[in-house]
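>>> Need a 3D model of the sequence below.
(chains A, B and C)
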Amino acid sequence: MAVETHEFSIATNGYCDVRDVTGTVAGLLERSGISDGTVTVFTPGSTAGVTTLEYEPGLLKDIPALFENLVPRGAAYAHDATWGDGNGFSHVRAALLGASLTVPVRSGKLLLGTWQQIVVIDFDNKSRRRKVIVQVMGE
Amino acid sequence: MAVETHEFSIATNGYCDVRDVTGTVAGLLERSGISDGTVTVFTPGSTAGVTTLEYEPGLLKDIPALFENLVPRGAAYAHDATWGDGNGFSHVRAALLGASLTVPVRSGKLLLGTWQQIVVIDFDNKSRRRKVIVQVMGE
Amino acid sequence: MAVETHEFSIATNGYCDVRDVTGTVAGLLERSGISDGTVTVFTPGSTAGVTTLEYEPGLLKDIPALFENLVPRGAAYAHDATWGDGNGFSHVRAALLGASLTVPVRSGKLLLGTWQQIVVIDFDNKSRRRKVIVQVMGE
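Numbers count the residues shown, from 1 in each chain, chains lettered A, B, ... in the order given. Predicted coordinates for the structure are as follows:
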């Protein structure tokens, strides 16, 4: 059994920017030489999250619309009264989505569905570089 | 340490069909001989998800009502304009719920609560066979 | 590779009580001597969940407000008709949030962001002691 922990960063525009990181994750898995085990994808920070999605242009509109419905940007958040940075909605969205995803690996392949990509969603209220952790564990 | 990756499929009716897979997962764990580690349950595909739930008839109505409230079937989704398959709501629901669950195992037992089952929810807009991945890792 | 499974309990007030368990998790990690791998945090039971959050007073108001918006306490739940315990909203909220979180560990440290804490949320409708499972796996 072996453990490899990698980190990469992506440039995002914030405001529910949905980014496909599947290729990067698959590349790190391939170079690890690990054929059976798990890949954990984790977003360090409290205004981003990770999930899976069919990465196509329609859903890239539907997902921001979802979060705007569930956690409206224009509502009042107590977080904003504390810090004044205006990203209370970003924090709430991120806590709801979650920061970790675990994908099983067999014979060197991520066991994703054909139309299923790993996406990181940046909920913050500004452009930023966003760190992503990828950890491969297995044999 | 050992890794075992299994796959099984269930027949579902779609439309937020909630299925209890705890027995199947526990059976795979038992046959693995692994006593301490994790079980990862993963739904490959972009219109299903996994979580835990007290599997009782009331909640089998409440959970579909939840997703109908949060992501209504009758709303407009850009995904549907792209593909015309009418299951934009299914994709959005699945991305919100998440595709992976990790359950700790000790002394050969899943460390679930007494009233807590592992459920796969099929959000698609038709009946289908739904694949589920179960990976046991530990010693 | 080694696996260590720990359990601790916290006293909560229920009703979306958000508790920071980062210090306890970090302490268990440190005592394990494991430097690279994963920590799985799991809530056994069907009325609590786990996520990450900037643990500050504003968000401790915003998160209960979120769940009150998405899954109102005063709505009708079929679960309550089954059992009469009045915590249908608690079950639904818990299923939505999810019961597991996986945090990567490198060089003995949880790879959390600076402002990111691990929180357990108790959604039940009463005060209770809430069990939390922490499993460290790695080398």
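>>> immediately after the worst-scoring helix or strand of chain A on mean pLDDT, which helix or strand?
Lowest on mean pLDDT, DSSP states H and E among the helices and strands of chain A sits helix A:78-83, with a mean of 90. Next along the chain after helix A:78-83, taking DSSP states H and E as the criterion, comes helix A:88-97.
>>> Counting by contacts, list what that following helix packs against.
Applying 3 or more Cβ pairs under 8 Å, 6 or more residues apart in numbering or on different chains; DSSP states H and E, one finds that helix A:88-97 contacts strand A:48-53, helix A:59-70, helix A:78-83, strand C:48-53, helix C:57-70. The C-beta positions use only the backbone N, C-alpha and C, and glycine is treated the same way.
>>> hang on, the earlier thing: need the residues that contact the least confident helix or strand of chain A.
A:86-88, A:91-92, C:54, C:56-62, C:65 (Cβ atoms under 8 Å, 6 or more residues apart in numbering or on different chains).
>>> Just the buried residues of it, please?
Buried positions in helix A:78-83, judged by neighbour count with 16 or more other Cβ atoms under 10 Å in any protein chain shown: A:78, A:79, A:80, A:82, A:83.
>>> out of those residues, which one sits closest to residue A:25?
Nearest to residue A:25 among the buried residues of helix A:78-83 is residue A:79, at 30.6 Å by Cβ to Cβ.
>>> List buried residues within the contacts of helix A:78-83.
For the contacts of helix A:78-83, buried by 16+ other Cβ under 10 Å: A:87, A:88, A:91, A:92, C:54, C:56, C:58, C:59, C:60, C:61, C:62, C:65.
>>> Of these, which is the nearest to chain B?
Here the nearest of the buried ones among the contacts of helix A:78-83 to chain B, counting by Cβ to the nearest Cβ, is residue A:92; it sits at 13.7 Å.
>>> ok, now how distant is the residue located most distally from the centre of chain A from chain B?
In chain A, residue A:81 marks the outermost C-alpha relative to the chain mean, sitting 27.0 Å out by Cα atoms, centre = their mean. Distance, residue A:81 to chain B, using Cβ to the nearest Cβ, to the nearest Å: 27 Å.
>>> With residue A:122 instead?
Applying Cβ to the nearest Cβ to residue A:122 and chain B gives a distance of 15 Å.
>>> can you tell me which residues contact the closest residue to that residue other than its chain neighbours?
Spatial nearest neighbour of residue A:122, excluding adjacent residues (Cβ to Cβ, 6 or more residues apart in numbering or on different chains): residue A:12 at 3.9 Å. Contact analysis of residue A:12 by Cβ under 8 Å, 6+ apart lists A:19, A:120, A:122, A:124, A:127, A:128, A:129, A:130.
>>> Please flag which of those residues sit within strands.
A:19, A:120, A:122, A:128, A:129, A:130 (DSSP state E).
>>> For chain B, state which of the residues you listed is nearest.
For chain B, the nearest member of the ones in strands among the contacts of residue A:12 is residue A:120. The distance, counting by Cβ to the nearest Cβ, is 12.2 Å.
>>> Run a quick neighbour tally on the closest one.
24 (other Cβ atoms under 10 Å in any protein chain shown).
>>> No more questions from me, cheers.
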